[in-house]
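In: show me the folded form of this:
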Amino acid sequence: MLKLEHINIFIQASHILRDVFLEVAEGEVVCLIGRNGAGKTTTLKTIMGFLSPQSGTIEFQKQDISGLPTYKIAQMGLGYMPGDGGIFTDLTVHENIEIGSWMRETSLTPEEKVRFAYQSFPLLEKYRSRKGDQVSGGERKMLAIARAFASDPTMLLLDEPFEGLSPVIIPGINEKIYESTKHGLSILIAESELHHVPEFTNTLYVIERGQIIFAGKPERVQHEEDIMRIIGGGATR
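Out: Numbers count the residues shown, from 1 in each chain. The predicted structure is shown next:
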């Protein structure tokens, strides 16, 4: 579904991503873990075309998307939730979700896409007429994911979807993410906290100083002392 090979990103004189590699298969949940400044968000932004790699390739559904404009990448079926949610605070909850439904043409009508988004997070239906700045932090996270769902994507990129959320809310969001994979949706999650990695994660990548230093089953990382010293102590973005 998604494959990154030898991705290098320079921002001015700084070498931010160094030969980054990563793969996500159809229906998989993959997590990218890293602490502050490690390169998580830069990796997602590069996939979405906000940044162009100086070298390396990015393939989505076996098509090279390296350097394509962001809107074309979105139209191909990549949904994206930025770390800050990207909610339009002057628009209502319903209007934010509607925007997602217009991102690309699929077999679903815009109305069906919006309906699916509400089905994923029924709580948002109650707040559909509220402005984006009139809902809680947890509800904004739900709204950001629901808006991404409304584009009817084949793959989702979620940047720290659990950051700052109450532990009570996280299981509900995890459940919706897991349910979406049953329909073949692939998901790449960037997180800073190891305990936020969902238990149904297929593959875990650890990034440090722009390099992938671990790739494998999540349970394996517990036996890597050097890596656990980096990410196990409550790493932050």
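In: CA only for contacts and neighbour counts going forward, please
Out: Noted.
In: please enumerate the helices of the chain.
Out: Remark: helices assigned in the chain by DSSP state H are 40-47, 70-75, 93-101, 110-120, 123-126, 137-149, 170-181, 225-231.
In: okay, the ones you listed in CSV with mean pLDDT and distance to Q54 next?
Out: As requested, these are exported to CSV (pLDDT from 0 to 100; distance: least, C-alpha to C-alpha, whole Å):
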stretch, mean pLDDT, distance to Q54
helix 40-47, 96, 11
helix 70-75, 94, 17
helix 93-101, 94, 30
helix 110-120, 90, 36
helix 123-126, 90, 41
helix 137-149, 89, 28
helix 170-181, 84, 32
helix 225-231, 87, 28
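In: with respect to G83, which of the ones you listed lies nearest?
Out: The closest of the helices of the chain to G83 is helix 40-47. By C-alpha to C-alpha, the value is 7.7 Å.
In: ranking helices and strands of the protein by mean pLDDT, which lands last?
Out: Ranking every helix and strand in the chain by mean pLDDT, DSSP states H and E puts helix 170-181 at the bottom, with a mean of 84.
In: contacts only, for the residue nearest the centre of the chain.
Out: In the chain, the centroid-proximal residue (C-alpha atoms, centre = their mean) is L158; its distance is 1.6 Å. Counting by C-alpha atoms under 8 Å, 6 or more residues apart in numbering, L158 touches Y80, M81, P82, G83, I145, I187, L188, I189, A190.
In: likewise G164?
Out: For G164, the contact set (C-alpha under 8 Å, 6+ apart) comprises G137.
In: for it, report the pLDDT, please.
Out: At G164, the model reports a pLDDT of 74.
In: quick one, phi/psi of it?
Out: phi 80, psi 10 (degrees, to the nearest 10).
In: how close does it sit to E112?
Out: Separation of G164 from E112 (C-alpha to C-alpha, to the nearest Å): 31 Å.
In: ditto for T42
Out: According to C-alpha to C-alpha, T42 and E112 sit 33 Å apart.
In: gap between the residue nearest to M81 when sequence neighbours are not counted and L91?
Out: Among residues not flanking M81 along the chain, L158 sits closest, at 4.9 Å (C-alpha to C-alpha, 6 or more residues apart in numbering). The gap separating L158 from L91 is 22 Å, by C-alpha to C-alpha.
In: got it, and T154?
Out: With distances taken as C-alpha to C-alpha, T154 is found 26 Å from L91.
In: again with G184
Out: Using C-alpha to C-alpha, G184 is found at 31 Å from L91.
In: what of E105?
Out: 23 Å.
In: again with S52
Out: S52 is 31 Å from L91, by C-alpha to C-alpha.
In: higher neighbour count, these two?
Out: Shown here are S52 and L91; by other C-alpha atoms under 10 Å, S52 has more neighbours (19 against 15).
In: who's in contact with the residue lying closest to the more buried one once chain neighbours are set aside?
Out: Spatial nearest neighbour of S52, excluding adjacent residues (C-alpha to C-alpha, 6+ apart): G67 at 5.1 Å. G67 makes contacts with G49, L51, S52, P53, as judged by C-alpha under 8 Å, 6+ apart.
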